[in-house]
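Trainee: Pasting the sequence and the predicted model now:
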Amino acid sequence: MNDISGRIPVLALWSAPRCRSTAFARMMAERGDHVVVHEPLSQVVDFGEVKVGDRVARSEQDVLAALRGLAEEKPVFFKDTTDFHYPALLADRDFLAGATHTFIIRHPDEAIASHHALNPDLGRDEIGFARLHEIFTAVRAATGTTPVVVDSDDLLDRPADTVRAYCAAVGIPFLAEALNWQPGMRTEWQATSRWHESTSRTAGFTRAPGRGAEKVAADPVLRAHRDYHLPYYEELRAAALRP
């Protein structure tokens, strides 16, 4: 149950698409101390319904209610992406203030190149950094504090130090054994499996070679998208943990 301070035992990780949030969620699943819910808001917008625990949610409001209900039984971790806009979330000040909202980022060059490879018709807004910043700003306004931000490059370069800093910041124990897992496609990823192929092949936080900056620099449309989102990324980066 929610305590008298209004806290909700829900830990959220918000991410623009292709910012390594699925790998972070895989680590959270390996811990075993949270119910892990995969992208409930983006799936309800995309598919019209999503299962959250034993409930089928058919709107943003349903998703938020289902997360609250699930958290009455066990602490919940969910991650979601900002390729969509979530007005009901932004209007729910109690959820913004009561849950623990955290954020993960990646340089837009790399995120855009990775996203474009899977979605060649990629539009500017679905890249998601502006929407991610909007949620960050709403949480900061609702709580009066700056939310936790993880730079996913730190996660790959110094996984133990970065996860330890994250755990300390959100008040959960650091579990070193959760930094490694068995590869494989998880059941909760099936509806959007092509987006999670790379993570399904991993056994920990590892960096894949990429030339995102070159790809974006060579494409005037992608370069304009990057220039639009870069200031939002930079403000989030300024708030990132320093492991």
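Mentor: Yep, it's here.
Trainee: what number of residues lie near Ala203?
Mentor: Residues within reach of Ala203, counting by other CB atoms under 10 Å, total 12. For the C-beta atoms, the positions are set from N, CA and C on the backbone; glycine is no exception.
Trainee: Let me know whether it touches Pro159 as I believe.
Mentor: No. Counting by CB atoms under 8 Å, Ala203 stays clear of Pro159, with 12.0 Å between them.
Trainee: which other helices and strands contact the lowest-mean-pLDDT helix or strand in the chain?
Mentor: Every helix and strand in the chain was compared by mean pLDDT, DSSP states H and E; the lowest is helix 197-200, with a mean of 78. Other helices and strands packing on helix 197-200, by 3 or more CB pairs under 8 Å, 6 or more residues apart in numbering; DSSP states H and E, are helix 21-31.
Trainee: packing partners for the helix it packs on?
Mentor: So helix 21-31, by 3+ CB pairs under 8 Å, 6+ apart, packs with strand 10-15, strand 35-38, strand 76-81, helix 152-157, helix 197-200.
Trainee: quick one: which of these is nearest Asn119?
Mentor: strand 76-81 (12.3 Å; CB to CB).
Trainee: next helix or strand past that closest one?
Mentor: Scanning forward in sequence from strand 76-81 by DSSP states H and E, the next helix or strand is helix 87-91.
Trainee: Please identify the buried residues of that next one?
Mentor: Using 16 or more other CB atoms under 10 Å as the test for burial, helix 87-91 gives Leu89, Leu90.
Trainee: Stretch 144-159 too?
Mentor: Pro147, Val148, Val149, Val150, Asp151, Ser152, Asp153, Asp154, Leu155, Leu156, Pro159.
Trainee: hang on, the earlier thing: turn the helices and strands packed on helix 21-31 into CSV, including distance to Ala208.
Mentor: Formatted as CSV, these follow (distance: least, CB to CB, whole Å):
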stretch, distance to Ala208
strand 10-15, 17
strand 35-38, 21
strand 76-81, 19
helix 152-157, 9
helix 197-200, 7
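Trainee: Just the buried positions in stretch 182-190, please.
Mentor: Arg186, Glu188, Trp189.
Trainee: I meant stretch 126-136, not that one.
Mentor: In stretch 126-136, counting by 16+ other CB under 10 Å, buried: Glu126, Ile127, Gly128, Phe129, Ala130, Arg131, Leu132, His133, Glu134, Ile135, Phe136.
Trainee: the inter-axis angle of the top helix by length along the chain versus strand 10-15?
Mentor: Counting by DSSP state H, the longest helix found in the chain is helix 220-238. Interaxial angle, helix 220-238 versus strand 10-15 (axes from the mean of the first three to the mean of the last three CA atoms, to 10 degrees): 140 degrees.
Trainee: Return the list of helices and strands in contact with helix 220-238.
Mentor: Checking 3+ CB pairs under 8 Å, 6+ apart, helix 220-238 ends up next to strand 100-105, helix 108-118, helix 129-143, strand 148-151, helix 212-218.
Trainee: between these, which one is nearest to Val35?
Mentor: Of all those, strand 100-105 comes closest under CB to CB, at 14.5 Å.
Trainee: mean confidence score for that closest one?
Mentor: Strand 100-105 carries an average pLDDT of 98.
Trainee: Would you single out the least confident of the helices and strands packed on helix 21-31?
Mentor: helix 197-200 has the lowest average pLDDT among the helices and strands packed on helix 21-31, namely a mean of 78.
Trainee: residues in contact with it?
Mentor: Thr22, Ala23, Arg26, Pro183, Gly184, Met185, Arg186, Trp189, Ser193, Ala208 (CB atoms under 8 Å, 6 or more residues apart in numbering).
Trainee: of those residues, closest to Arg237?
Mentor: Using CB to CB, the contacts of helix 197-200 come closest to Arg237 at Ala23, 18.8 Å.
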